[in-house]
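Novice: Pasting the sequence and the predicted model now:
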Amino acid sequence: MIEAYPPSCIALSGGAGGAKLAAGLARVVDPARLLIVANTGDDFEHLGLYISPDLDTLMYTLAGINNRHTGWGRAHETWTFMAALEALGGETWFRLGDGDLATHVERTRRLRADATLTAITADFAARLGIAARIVPMSDDAVRTVVDTPAGPLAFQHYFVRDRCQPQVSGFRFEGAVAAQANPVFVEALSDPALRAIVICPSNPFISIDPILALPDIRTRLETARAPVIAVSPVVGGRAVKGPTTKMMRELAMPESAAAVASHYGELLDGFVLDPVDAPIADQVRASGIDVLVTNTVMKTLADKETLAHAVLDFAEEYHRRQ
Ligand code: FO1
């Protein structure tokens, strides 16, 4: 087990978009002092396997073995299992690559042997050579349910089986009230060494809100000594990836970065906007949130590192002003 130091930076993240910034942060801070808190609201049981998509996307991305084209699963994947399953009439709407399958089989085996998701993730990450700490937001079951006019949908049914087509009317995070936020996360929030809390550019509704729904987390974030800084997942009125702006439209919200900032509300000390959205910076500032305008579209590793540096400098500037 890698010696755990008090984290200087906590990153809240879902899958693809958030994982890019998490990877950038892991390159610019001492990774042993970076704590990445992963959304587990997308987790589900499928084919008898426990699947945790955002934990896996974060692990694979930090290990450099993520599939850049799909935004999930592994690179250089093979699909023998899927083809064989199809031939047997099994469910293939949720695609499991052969290498990715090993993650789900071994995680499921360990969970059945009473290991915690936290412990399993720490061991998998160490084996993948990841120095940053990745923890699930909770070891208790929290499941995102998508409310639609035709009734509630389990998250992966909405996201993958129905390809985000249904109109959303709201989200619920079943189990969140009774769940215990990961003690590693809770402890880090009150650590005097903490310099920054970063809400990565993931989908606010399905990747970040489940974390914020855990007991006392909003309060702990608001009272933490470190600034809470969110990077906008919306640029020029469009989501960098995924259904964020479609959801905003369906929730009758403006499809703008400013609407994301006000969605997080009181929580935020800082908000990072792409230069495309510089014209709305004053609108966000008007609600008492500091704004940094810098490139938030991460195409290269250098982009991820540059954004990570900018966010951490933004946090240090906040401390200087206290
Ligand atoms: N997303 C898809 O759109 N289609 C898939 O077949 C699919 C399979 C899959 C397998 C493992 C995994 O960790 C993620 C997978 N995802 C797939 C993405 C997943 O639904 C999303 O990453 C999250 O749940 C939302 O960020």
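Specialist: Done, it's in. Numbers count the residues shown, from 1 in each chain.

Novice: Secondary structure class of the residue of the stretch 201-322 of the chain at minimum distance from the ligand, three-state.
Specialist: In the stretch 201-322 of the chain, no residue comes nearer to the ligand than residue 207, which is 6.3 Å away by CB to the nearest ligand atom. Using the backbone N, CA and C atoms, a C-beta is placed for each residue, glycine as well. At residue 207 the chain is in helix, as set by DSSP: H, G, I helix; E, B strand; the rest coil.

Novice: Counting neighbours, which bits of the lengthiest helix in the chain end up buried?
Specialist: The single longest helix within the chain, with elements called by DSSP state H, is helix 301-321. Going by neighbour count (16 or more other CB atoms under 10 Å), the buried part of helix 301-321 is 303-312, 314-315, 318.

Novice: can those go into TSV with extra columns for pLDDT?
Specialist: Putting the buried residues of helix 301-321 into TSV (pLDDT from 0 to 100) gives the following:
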residue	pLDDT
303	97
304	97
305	97
306	98
307	98
308	98
309	97
310	98
311	98
312	97
314	97
315	97
318	94
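
Novice: show me which of these neighbour the ligand.
Specialist: Among the buried residues of helix 301-321, proximity to the ligand is found for none (CB under 6 Å from any ligand atom).

Novice: How about residues contacting stretch 265-283?
Specialist: Outside stretch 265-283, the residues within contact range by CB atoms under 8 Å, 6 or more residues apart in numbering are 199, 212, 218, 221-222, 227-232, 235-236, 256-258, 260-261, 264, 284, 287, 289-297, 307, 310-311, 314-315, 318.

Novice: at 7 Å instead, please
Specialist: Contact with stretch 265-283 is made by 218, 221-222, 227-232, 235-236, 256-258, 261, 284, 289-297, 311, 314, 318, as judged by CB atoms under 7 Å, 6 or more residues apart in numbering.

Novice: For it, give the mean pLDDT please.
Specialist: Averaged across stretch 265-283, the pLDDT comes to 97.

Novice: buried sites along that stretch?
Specialist: Applying a neighbour-count criterion of 16+ other CB under 10 Å, one finds 267-274, 276-277, 280-281 buried in stretch 265-283.

Novice: Any residues of this structure in contact with the ligand? List them.
Specialist: Counting by CB under 6 Å from any ligand atom, the chain sits next to the ligand at 14-15, 42, 53-54, 56-57, 72-73, 94-96, 100, 156, 159-160.

Novice: hmm, 8 Å instead?
Specialist: With the criterion set to CB under 8 Å from any ligand atom, the chain comes near the ligand through 14-16, 39, 42, 51-54, 56-57, 70-73, 93-97, 100, 104, 155-156, 159-160, 163, 202-203, 206-207, 242.

Novice: Which ones among those map onto strands?
Specialist: Secondary structure of those is defined by DSSP state E; positions in strands are residue 51.

Novice: Of the residues of the chain next to the ligand, just the buried ones, ChimeraX syntax please.
Specialist: Buried subset of the residues of the chain next to the ligand, written as a ChimeraX selection, criterion 16+ other CB under 10 Å:
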select :14,15,16,39,42,51,52,53,54,56,57,71,72,73,94,96,97,100,104,155,156,159,160,202,203,206,207,242
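
Novice: re the thing from before, between the buried residues of helix 301-321, which is nearest residue 189?
Specialist: residue 315 (14.5 Å; CB to CB).

Novice: would you list every one of the strands in this structure?
Specialist: Using DSSP E, strands in the chain cover 9-13, 34-38, 44-46, 49-51, 133-136, 143-148, 151-154, 170-174, 196-199, 228-231, 234-235, 238-239, 270-273, 290-293.

Novice: now could you export just the CA positions of the first one as CSV?
Specialist: In this case it means strand 9-13. C-alpha atoms of strand 9-13 as CSV (Å, rounded to 0.1, in the frame of the first residue of the first chain):
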residue,chain,number,x,y,z
CYS,A,9,-6.1,18.4,-3.5
ILE,A,10,-9.5,16.6,-3.6
ALA,A,11,-11.1,16.1,-7.0
LEU,A,12,-14.7,15.1,-7.4
SER,A,13,-15.3,13.3,-10.6
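
Novice: Need the contact partners of it.
Specialist: With CB under 7 Å, 6+ apart as the test, strand 9-13 has contacts from 19, 21-22, 25, 29, 33-38, 58, 188, 194-200, 202, 208, 211, 312.

Novice: quick check: angle from that strand to strand 34-38?
Specialist: 20 degrees (axes from the mean of the first three to the mean of the last three CA atoms, to 10 degrees).
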